[in-house]
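In: How does the following fold in three dimensions:
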Amino acid sequence: MDSPAVKVATPPPQISTAARISSQQWRSGIAAWLGWTFDGLDMHLYTLVAAPFVAQLLGNLPTTDHRVGQFGSYIQGAFMLGWALGGGFFGRIGDRLGRSRALSLTILTYALFTGLSFFAHHWWHLLIFRFLAALGIGGEWAVGACLLSETWPLKWRPWIAAVLQSGVNVGILGAGLANSLLAWAPPRFLFLVGVIPALLVLWIRRAVPETQEWCCAKQSATQNEPRLRNLFKGESRSVTFRVVLVCGISLTAHWAFMFWFQQHLRNLPDVLSLPPTQRNQLASQGMYLVIGSSILGNFFAGWLSRFIGYRATIAWMFLAYFFVMAGAYLVPRDHSSLFWWFPAIGFCQGSFALFTMYLPALFPTLLRTTGAGFSYNIGRITAAFGIVFFGIYSDLGDHRKVLLYAAALFLPAALIALWLPRVKDVAQ
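Out: Predicted structure coming up:
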């Protein structure tokens, strides 16, 4: 499928097709990668200690009490809502104040409120802190992506997209390592690790300047800067609609898998018979297989996009995501059999790496972080509702049905991905 090319502003002199990377571009790349790495770290600290910490906040209930899961899901729901809202909120700040300033604010926000979670004494304290931390985590995606899309050479963009997405994976693994090192401490102490990213802000403000493209656009706009409503006017309206559809559908499917595959694994008959320690180890091994293989998928997606373009790569990898999930869950399997499928599923997640360089280029410069942040993070809201909705139809202990429902969503997502616009200054 083809569609008219989106008109993209002529890149300023600092953006070229040359392979040489300047010191400023390296600094921008390092800042964005570290921001995404700590993003992944702070994002997953809660999931590692959710049950024991929430049980403690509810009056030292046993972790098997249904109220622990109930209030824990409220906290996670608030986090995902903040994640979505933060993409639009900090995206707007990034368009008005600049990429470097906004990146500093997003990192400072999620570091501060993740650290404050240490002081929570009621479940609703933690809910508020996680919601506010999620604002920064959601905003960092759009700001970091736009920072690199406006500074790095075109030739490098598929690769930098893979590196950037891998930062989240590294952060998730780092959260697991921090949890292992602090296994002796009460659960609340893990949140203090989330303060570390605040130190990065000091370096960013000194070493990472605003992008030349944003500065030029800001000067040219004077008093006629585009507003949020411009996303829903003229040519931008069609682009916004299509990007929201793709992100909403695909992220609902993806996060449904990420949540329910662990629940399904833990409830398999051959796993339930194991001691709790071994069940936890198997769950961790399953997550490591998915996350580790997704890093390889990131770079494969970047390589493939150089030949067939962003849109086609995203569509084909969504289609592959459907087939491998269907293969894994169409028939009952024990945990040993499923472990052969997890690397293939994780590999297909590399499709999301391309969003980092592709989506920002679809929007005008002064609507770039707003448009990319809003469109991508709106998927978090649909994902939150999707997890709950699919859960209603999930059989107790056997979640294959919900996982197959989620897999089916990748079929329309692949089709709509081919309907996304082309952009003239990136891979077609």
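
In: Residue 253 against residue 410, yeah?
Out: Yes: if you go by CB atoms under 8 Å, residue 253 and residue 410 touch, sitting 5.3 Å apart. Backbone N, C-alpha and C define where each C-beta goes, glycine included.

In: What is the least confident helix or strand in this structure?
Out: Ranking every helix and strand in the chain by mean pLDDT, DSSP states H and E puts strand 5-6 at the bottom, with a mean of 43.

In: residues of the helix or strand that comes right after it that come out buried?
Out: On the C-terminal side of strand 5-6, the closest following helix or strand by DSSP states H and E is helix 23-57. Buried residues in helix 23-57, counting neighbours by 16 or more other CB atoms under 10 Å, are found at 25, 27-29, 31-51, 53-57.

In: same thing with stretch 111-119?
Out: Neighbour counts over stretch 111-119 (16+ other CB under 10 Å) mark 111-118 as buried.

In: Let me see the residues that make contact with that stretch.
Out: Contacts of stretch 111-119 with the rest of the structure, by CB atoms under 8 Å, 6 or more residues apart in numbering, involve 38, 42, 45-46, 125-126, 129-130, 132-133, 136, 188-189, 191-192, 194-198, 201.

In: And stretch 195-211, by the same measure?
Out: Residues outside stretch 195-211 that contact it (CB under 8 Å, 6+ apart) are 14, 24, 27-28, 31, 34-35, 38, 41-42, 98-101, 103-104, 107-108, 110-112, 114-115, 147, 150-151.

In: what's the helix or strand hosting residue 162 packed up against?
Out: Assigned by DSSP H and E, residue 162 belongs to helix 157-181. Helices and strands touching helix 157-181, by 3 or more CB pairs under 8 Å, 6 or more residues apart in numbering; DSSP states H and E, are helix 23-57, helix 123-149, helix 276-308, helix 355-358.

In: ok now the next helix or strand after it, how far from the chain's centre?
Out: Downstream of helix 157-181, the first helix or strand assigned by DSSP H and E is helix 198-207. Its chain's C-alpha centre and that of helix 198-207 lie 22 Å apart, by CA atoms, centre = their mean, to the nearest Å.

In: Equivalent analysis for stretch 94-106, please.
Out: 19 Å.

In: ditto for stretch 50-61
Out: The chain centroid and the centroid of stretch 50-61 are separated by 27 Å under CA atoms, centre = their mean.

In: which residues sit against that stretch?
Out: Stretch 50-61 is contacted by residues 46, 62-63, 65, 67-69, 71-72, 75-76, 120-123, 125-126, 186-188 when judged by CB under 8 Å, 6+ apart.
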